[in-house]
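> My questions concern the predicted model and sequence given below.
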Amino acid sequence: MAQPPILSLEGMALQQGGKWLFGGPDRDPLDLHIGPRDRIALIGRNGVGKTTLFRMIDGVIETDSGTRKTKPAMRIVLLEQDPDLSRHATLMDWALAGEHAPQEHEVEAIAGQLGIDMSRETKGASGGEKRRAAIARALAQDPDLLLMDEPTNHLDLGAIDWLEGWLERYRGAFLVISHDRTFLKRLTRTTLWLDRGNLRRKEVGFGGYEAWEEQVYAEEARAAEKLDAKLKLEAHWLERGVTARRKRNQGRLEKLWQMRAQRASMISAGGTAKLKLATEEDFKSKSVIVAQDITKAYGDRTIVKPFSLRIQRGDRIGIVGANGAGKTTLLKMLTGELAPDSGSVEIAKTLTGVMIDQQRQLLTADKTVRQVLAEGGDWIDVRGNRKHVQAYLKDFLFDPKIVDMKVAVLSGGERSRLLLAREFAKASNLLVLDEPTNDLDLETLDLLQEVIADYEGTVLIVSHDRDFLDRTVTITLGLDGTGKVDVVAGGYEDWERKRRQPVPTKAKAAKQASKPTPAPSPAPKSSKLSYKDQRDYELLPARIEELEVAIAKGEAILSDPDLYSADPQKFANISKGLENARAEKDAAEERWLELAEQVEA
């Protein structure tokens, strides 16, 4: 029998700025019930009211109508995206403030696992340090219901992995707002979709969200045609474009996989970027950044051991690693901002870069959107092409009517999107993106992926967003903190796969080295694929996506710590199904890459 909810919102309606955010005369009031072990993803575009809904659940916003009910003595903890620490001297002072402050030893225990010194002064703390302190404060309160607003922002990969492990063992309920697809797929079992003031619910983890979203929009389109309401539906051009955009991005992913396959053939087994192009002259003409045996150290600490890389025009380079591993140092050396201790970096004279680091303070709050983009005019130059500012706003998922609104009234995510729009308009052939995904919603991430894929220049990306890297980059530079830099053709998952491979012993390596090099396989007589190969080449990407959804669903089910004891046979069946799905996905990816190489040939 289902357990009673620990929290319920019934008949909720709320006005903000003279407009109905929830409920009102044109839509149903909002209802929500949360069970004691729910793992819920809250999905919706920036500005639709996700953070406001969190505050309604937390009880800090008074609604115009409706009832809020909670289990007696229930602890609700809100992990805010940008908490105000300014009135406290140290991170620990802030963590222990408030009516329901946790015990200091509990905070210290979690902070130690996260690697954060809580005696750090708040004034000089970085975004990552503040985020870890906020997580330590929230988890130490032992909540019955945990509300998390972008919990992985500013966290490195190690901290994200730790948080995922903690949440898998957590016995309470949680709701999470996040743009981190990998995080959501691994942890959630229910999805709440906040869309145009309506809250939809489906008992499926985030892995099944995109298929559900497309189904809903398709049903709306059919209903509109029956009611002859096409003009009304046209007002929702953004929602209607989601499916088409996702299909275009699938085509871009196929192109990305082809580029990765081509790049893989240019990288030696040792992981150095030793390119094998037709001629040296051809190679040089395509190179835009050439790093030769560069190193960097600070005192006794080695940041980058001797490292060489040739970056070609059109490459998309992802740089990953834990905080402090040297990602920013490596980025600055590759772009010429920082000189290496030894070695050399040659940069093409024609390279013109644009740096996008998501610093929203670069946008003046009292300026209008029109002033930010077009200096107050009606037209904007977009990489050499003249475009009307309102049409350009639609390209970046804005309602064109906001053109004369002040930046101050935009949400944090909308400001980030506006900054992207402004910077992408500049003429350049090198894009440098430092944590570009912070504060962006999922549809904006799809858009960013689309813009990067269509960008004709070279892209360097520093990011902890695993899914975004897997969808975007052709080469990953992985730093492990010892100074070693791995060069891997592919994204984050490819780097992780390489790291999981056992390191051969010296004896095994010597034995392998003594073996004669096998003769290369004869080149195919024709690059034309057979009928079966062509079918596989066209259909495998969709099958791979289906398997990823199935794997995410299986992982979400197995994340229930009570499943094994309650139903060991179900646990075994799902585990076996996961194993088969992962094996099929790996085989499908290998098969597709082989076919892509034939097509390239």
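Happy to help now that I have it.
> which stretches of the stretch 501-601 of the chain have low pLDDT?
Of all residues in the stretch 501-601 of the chain, those with pLDDT under 70 make up the ranges 502-528, 559-562, 564, 597, 600-601.
> now do 50
Filtered on pLDDT under 50, the stretch 501-601 of the chain yields the residue ranges 505-527.
> contacting residues around residue 314?
Contact criterion CB atoms under 8 Å, 6 or more residues apart in numbering gives 259, 456, 457, 458 as the residues in contact with residue 314. For the C-beta atoms, the positions are set from N, CA and C on the backbone; glycine is no exception.
> Quickly find the element holding the nearest residue to residue 302 once chain neighbours are set aside.
Residue nearest to residue 302 in three dimensions, not counting chain neighbours: residue 483, with 3.8 Å by CB to CB, 6 or more residues apart in numbering. In this structure, residue 483 sits in neither a helix nor a strand according to DSSP states H and E.
> Pretty sure residue 483 sits against residue 304.
Yes. With the criterion set as CB atoms under 8 Å, residue 483 and residue 304 qualify as a contacting pair; they are 5.7 Å apart.
> the more surrounded of the two?
Taking residue 483 and residue 304 together and counting by other CB atoms under 10 Å, residue 304 has the greater number of neighbours (22 against 18).
> Distance of the nearest residue to the more buried one once chain neighbours are set aside relative to residue 39?
For residue 304, the nearest residue in space outside its immediate sequence neighbours is residue 296; the separation is 4.4 Å by CB to CB, 6+ apart. As judged by CB to CB, to the nearest Å, residue 296 and residue 39 stand 42 Å apart.
> Please apply the same query to residue 420.
31 Å.
> Between those two, tell me which one has more neighbours.
Under the neighbour definition other CB under 10 Å, residue 420 and residue 39 were set side by side, and residue 39 has more, 23 against 20.
> mind listing what the more buried one touches?
Taking CB under 8 Å, 6+ apart as the contact definition, residue 39 lies against 167, 173, 174, 187, 188, 189, 190, 205, 556, 559.
> OK, contacts around the residue lying closest to it once chain neighbours are set aside?
For residue 39, the nearest residue in space outside its immediate sequence neighbours is residue 189; the separation is 4.6 Å by CB to CB, 6+ apart. If you count contacts by CB under 8 Å, 6+ apart, residue 189 has them with 38, 39, 40, 203, 204, 205, 556, 557, 559, 560.
> who's the second one bridged to?
Taking DSSP bridges as the rule, residue 39 bridges to residue 174.
> Look up how far residue 556 lies from it.
Distance, residue 39 to residue 556, using CB to CB: 7 Å.
> For the stretch 1-150 of the chain, which segments are assigned as helices?
Taking DSSP state H, counting those that start in this stretch, the helices of the stretch 1-150 of the chain run over residues 50-58, 91-95, 104-114, 127-140.
> Residue 552 against residue 182, yeah?
No. If you go by CB under 8 Å, residue 552 and residue 182 don't touch, sitting 9.1 Å apart.
> more neighbours, these two?
Summary of the neighbour comparison: residue 552 and residue 182, criterion other CB under 10 Å, with residue 552 having more neighbours (24 against 21).
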